[in-house]
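> Sharing a model that was predicted from the sequence below.
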Amino acid sequence: IISRIKEKESKKKGAKISEYIAKTLGEQSREHVEVSGLRRGSLYISVDNSAWLQELSLMKQDLMNSINVRFKEDIVKEIKIRLIRR
């Protein structure tokens, strides 16, 4: 039961983080950047081209700090970005 509750909370936080990232990066990012999940402090982000991969790699630390400040807790301890082809 406890693991199911934690999983639901993680999904809710993941959705809120996804909305926050979209607002932070702007409208154009919605087509290219997708939050894949949040598990055990790792935020998984998928991008559809190498330009967004590079951009987010450079922003990783600032984005992580911004998310943690916004949600007033250390939700994200690391960000993992992967390139996917659509």
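Received, thanks.
> Average pLDDT for stretch 77-86, rounded please.
Across stretch 77-86, pLDDT averages out at 91.
> hmm, I was thinking of stretch 53-65
The model assigns stretch 53-65 a mean pLDDT of 95.
> Repeat that for stretch 19-34.
Stretch 19-34 comes out at a mean pLDDT of 87.
> Now the terminal residues of that stretch, how far apart.
10 Å (Cα to Cα, to the nearest Å).
> How about that stretch, which residues are buried there?
The neighbour-count check on stretch 19-34 (16 or more other Cβ atoms under 10 Å) flags 20, 21, 22, 25, 29, 32, 33, 34 as buried. Any C-beta I mention is one placed from the backbone N, CA and C, and that applies to glycine too.
> Is the fourth one in contact with residue 35, as I believe?
No. Distance between residue 25 and residue 35: 11.1 Å, which falls outside the contact criterion (Cβ atoms under 8 Å).
> Distance of residue 78 relative to residue 15?
Noted for residue 78: a distance of 19 Å to residue 15, by Cβ to Cβ, to the nearest Å.
> likewise residue 59?
From residue 59 to residue 15 the distance is 21 Å (Cβ to Cβ).
> Helices along this structure, start to end?
Under the criterion DSSP state H, helices of the chain are mapped to 2-25, 50-70.
> want to try JSON lines for those, with distance to residue 44 as columns?
Formatted as JSON lines, the helices of the chain follow (distance: least, Cβ to Cβ, whole Å):
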{"stretch": "helix 2-25", "distance to residue 44": "9"}
{"stretch": "helix 50-70", "distance to residue 44": "12"}
